[in-house]
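Colleague: Next input, structure requested:
(one chain, ligands or ions: 2)
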Amino acid sequence: MRQVHRRFGTTIALGGVDLTLRHGEIHAVLGSNGAGKSTLMKIMVGLERPDEGEVEILGRHIERFDPGAIRALGLALVQQHFTLVPTLTGGENLVLARPEGRLRPDRQTCRDRLAALVDRYGLEVRGDVPAGELSVGEQQRLELLRALDADAKVLLLDEPTAVLTDTEADQLLRVCRDLTQEGRAVAIITHRLAEVFAGCDRVSVLREGRSVIEDAPVGEHTRADLASAMIGEHSTGTFTGRSDDARAIEASSPMDRPPRLEVRGLSIGRLQVTDLDVRRGEIVGIAGVDGNGQSELEAALSGRSDVAGRISVDGASLTATDPRVRRALGIAYIPSDRYRWGLVRPMDLSDNLELGRVARIRPRRSKRHRAARGALNSWDVRSSGPEAKASSLSGGNAQKLLLARELEGDPAVILACYPTRGLDPNAADTIAGRLLERADQGAAVLWIGAELDELCVVSDRLFVLSDGRLIGPFTAPYDRREIGLAMAGVATDQAHGR
Ligand SMILES: Nc1ncnc2c1ncn2[C@@H]1O[C@H](COP(=O)(O)OP(=O)(O)OP(=O)(O)O)[C@@H](O)[C@H]1O
Ligand SMILES: [Mg+2]
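Modeller: Ligands and ions are numbered 1, 2, ... in the order given. Below is the predicted model of the structure:
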């Protein structure tokens, strides 16, 4: 790609970007939220067209940005947000992407096709479950398998590791390595700098729609270099969480307080939680390999699924309560899939910020817009204003919009599922800091996370979800090895089930 430009209204998403991908190499594409990374990838596969610039793929100059034709050349993109049909199974979703002339292939064909891919790449996905019921990690793996099924010569991955645990992300990088050894080219967008050094050959950095580091060997750069290239100046990310000292001083206090969130005898699918409390001012982290009950826990606590057992907030039972009552009780919910459960893409930003408000009378437009402008500013949501559609936001900015709505006011309980998902390192620091602030103001925070490092920094106590059960609590200073073993399903003395 040479000197690619793309404008949306007054927003310059790309203002002259170059990118070169080579056979046999993994190329990391970095940049802050809204830098233009996703737009660049969409242009490459014909989902967007450039205003100016040249794209050449496998020796061919691209004139028509037609997704079908470009796919036929051998390009596949795993988009930042899921594109699966939620009512179809994994196998059916695969076949849908490559129909082979038959309108409705039989179940067995679909199942076999998925099983063959799962076998070949070692990325586990259940075959018979509708995609909408798979966990976010499983959906991510299914998206990947679908791209791999297309036998792409060039594979583009837009934040594939955002919801994966470190081990799963490592495995993904290994799969990419195998693919490049077969001569393919891989581009991977990520906000985790460690992955760049662990598994990538080259790196490009975008800032505000321009290339700032172009096609450099990874070895020529340090973490600090890349971070400052992303934001222009020195990193302002100073957030280090609660220090162990501060935690130790405070440690006695939250435990004496009454729990705000109480869970007793919860049973849904494979998930069994006998007893879990989150107290006022406390952040409880839930670590674990995806697919061990995370999505069940989220569905149960967010009120999406009927459950056996008791969940209460400040002593009030949540059994059979509708969303309005839950919101009135002060439950904030940051879902794992922001577009499915959190935002309405065709609606504008100010309406998205209003969703779930308990008030009966809708404020006037001018008032809503004023409030929205304040929220967008304070949460650094980069957009063209309150009237922009949610669908025009970059992934990280959509996440900030969701957080702006949910963390507004004075929530009693915050159910935070991968809250920093898709945020660049700076934004992730800011958001983690705001969640801590809410805890300090008295909220009880349950934080389901994928990155163990992050969880260890923010959590007062930590559990591992393994095979539907909570192992722990682990307390600071955390023993990563012990936690890692629990995540791998190895029982130890310290890690007792609950
Ligand atoms: N369809 C659209 N309509 C209007 N603006 C858009 C559209 N798509 C992207 N933009 C804007 O273009 C800019 C770049 O967006 P892009 O999605 O490429 O960012 P990104 O680097 O992928 O960020 P993130 O890390 O948050 O995913 C943003 O300012 C975004 O709001
Ligand atoms: Mg993006």
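Colleague: Near ligand 1, which residues of the stretch 1-150 of the chain? Just list them.
Modeller: Taking Cβ under 6 Å from any ligand atom as the test, the list of the stretch 1-150 of the chain residues beside ligand 1 reads 8, 11, 13, 31, 33-39, 80. Yep, even glycine has a C-beta here, placed from its N, CA and C like the rest.
Colleague: at 5 Å instead, please
Modeller: Contact residues of the stretch 1-150 of the chain with respect to ligand 1, defined by Cβ under 5 Å from any ligand atom, are listed as 8, 11, 13, 33-39.
Colleague: Can you flag the buried ones in those residues?
Modeller: By the neighbour-count criterion of 16 or more other Cβ atoms under 10 Å, these include these buried positions: 11, 13, 33-39.
Colleague: which among these gets closest to ligand 2?
Modeller: Lowest distance from ligand 2 to those (Cβ to the ion) belongs to Ser38, with 3.2 Å.
Colleague: For the helix or strand encompassing the closest one, name the packing helices and strands.
Modeller: Counting by DSSP states H and E, the element that carries Ser38 is helix 37-44. The contact analysis (3 or more Cβ pairs under 8 Å, 6 or more residues apart in numbering; DSSP states H and E) places helix 37-44 against strand 2-8, strand 11-17, strand 26-31, strand 75-78, strand 154-158, strand 185-189.
Colleague: Please convert these to CSV, extending it with distance to ligand 2 and mean pLDDT.
Modeller: CSV is the format used below for the helices and strands packed on helix 37-44 (distance: least, Cβ to the ion, whole Å; pLDDT from 0 to 100):
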stretch, distance to ligand 2, mean pLDDT
strand 2-8, 13, 95
strand 11-17, 10, 94
strand 26-31, 9, 96
strand 75-78, 12, 93
strand 154-158, 6, 95
strand 185-189, 7, 96
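Colleague: Now do the helix holding Ser38 against strand 154-158, angle only.
Modeller: Comparing the axes of helix 37-44 and strand 154-158 via axes from the mean of the first three to the mean of the last three Cα atoms, to 10 degrees yields an angle of 150 degrees.
Colleague: For whichever helix or strand comes after helix 37-44, name the packing helices and strands.
Modeller: The first helix or strand that comes after helix 37-44 along the chain, using DSSP H and E, is strand 52-54. For strand 52-54, the elements it packs on are strand 2-8, strand 11-17, judged by 3+ Cβ pairs under 8 Å, 6+ apart.
Colleague: Grab the CA positions of stretch 395-403 and hand them over as PDB.
Modeller: Extracted in PDB, the C-alpha atoms of stretch 395-403 (Å, rounded to 0.1, in the frame of the first residue of the first chain):
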ATOM      1  CA  GLY A 395     -13.100   0.000  18.300                       C
ATOM      2  CA  GLY A 396     -11.300   1.500  21.300                       C
ATOM      3  CA  ASN A 397     -13.400   4.600  21.100                       C
ATOM      4  CA  ALA A 398     -16.600   2.600  21.100                       C
ATOM      5  CA  GLN A 399     -15.300   0.900  24.300                       C
ATOM      6  CA  LYS A 400     -14.700   4.300  25.900                       C
ATOM      7  CA  LEU A 401     -18.300   5.300  25.000                       C
ATOM      8  CA  LEU A 402     -19.600   2.300  26.700                       C
ATOM      9  CA  LEU A 403     -17.500   2.900  29.800                       C
END
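Colleague: Could you give the average pLDDT over it?
Modeller: Averaged across stretch 395-403, the pLDDT comes to 94.
Colleague: now swap in stretch 415-431 and tell me
Modeller: Average pLDDT, stretch 415-431: 91.
Colleague: Show me the shaky parts of the stretch 101-250 of the chain.
Modeller: Low-confidence segments of the stretch 101-250 of the chain, defined by pLDDT under 70, are located at 101-103, 233-250.
Colleague: Go again with 80.
Modeller: Within the stretch 101-250 of the chain, the stretches falling below the threshold (pLDDT under 80) are 101-106, 150, 163, 232-250.
Colleague: again with the stretch 251-400 of the chain
Modeller: Low-confidence segments of the stretch 251-400 of the chain (pLDDT under 80): 251-257, 306, 319-321, 357-362.
Colleague: got the residues of it near ligand 1?
Modeller: For the stretch 251-400 of the chain, the residues in contact with ligand 1 (Cβ under 5 Å from any ligand atom) are 392, 394-396.
Colleague: run the last query once more with 8 Å
Modeller: Within the stretch 251-400 of the chain, the positions lying close to ligand 1 (Cβ under 8 Å from any ligand atom) are 382-384, 388-389, 391-399.
Colleague: Buried among those residues? Make that a PyMOL selection.
Modeller: Only the buried entries of those go into this PyMOL selection, using 16+ other Cβ under 10 Å:
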select buried, resi 382+383+388+389+392+393+394+395+396+397+398+399
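Colleague: Please parse the chain into its domains.
Modeller: Each domain of the chain is listed here as a residue range: 2-231, 244-487, per automatic domain parsing.
Colleague: Relative to the whole chain's centre, how far out is the shortest one?
Modeller: Translated: domain 2-231. Domain 2-231 has its average C-alpha position 15 Å from the chain's average C-alpha position, going by Cα atoms, centre = their mean, to the nearest Å.
Colleague: now the end-to-end length of it.
Modeller: Taking Cα to Cα, to the nearest Å, the span from the opening residue of domain 2-231 to its closing residue is 23 Å.
Colleague: Offset the numbering so it begins at 12, please.
Modeller: Understood, numbering begins at 12; the last thing we discussed is domain 13-242.
Colleague: circling back: give me the angle between the helix holding Ser49 and strand 37-42.
Modeller: Comparing the axes of helix 48-55 and strand 37-42 via the same axes, to 10 degrees yields an angle of 130 degrees.
Colleague: any idea of the mean pLDDT for helix 48-55?
Modeller: What helix 48-55 shows for mean pLDDT is 96.
Colleague: List the contacts of Arg221.
Modeller: Residues near Arg221 by Cβ atoms under 8 Å, 6 or more residues apart in numbering: 26-28.
Colleague: among those residues, who's most crowded?
Modeller: Counting neighbours by other Cβ atoms under 10 Å, Val28 leads the contacts of Arg221 with 28 neighbours.
Colleague: The stretch 212-361 of the chain: helices as residue ranges?
Modeller: With DSSP state H, counting those that start in this stretch applied, the stretch 212-361 of the chain shows helices at 234-242, 255-267, 305-313, 334-340, 360-365, listed in chain order.
Colleague: ok and the residue in the stretch 62-211 of the chain nearest ligand 1?
Modeller: Per Cβ to the nearest ligand atom, Gln91 is where the stretch 62-211 of the chain lies closest to ligand 1, at 5.7 Å.
Colleague: how close does the residue minimising distance to the centre of the chain sit to ligand 1?
Modeller: The centre of the chain sits closest to Arg432, judged by Cα atoms, centre = their mean, with a distance of 3.4 Å. Shown here: Arg432 relative to ligand 1, a distance of 11 Å by Cβ to the nearest ligand atom, to the nearest Å.
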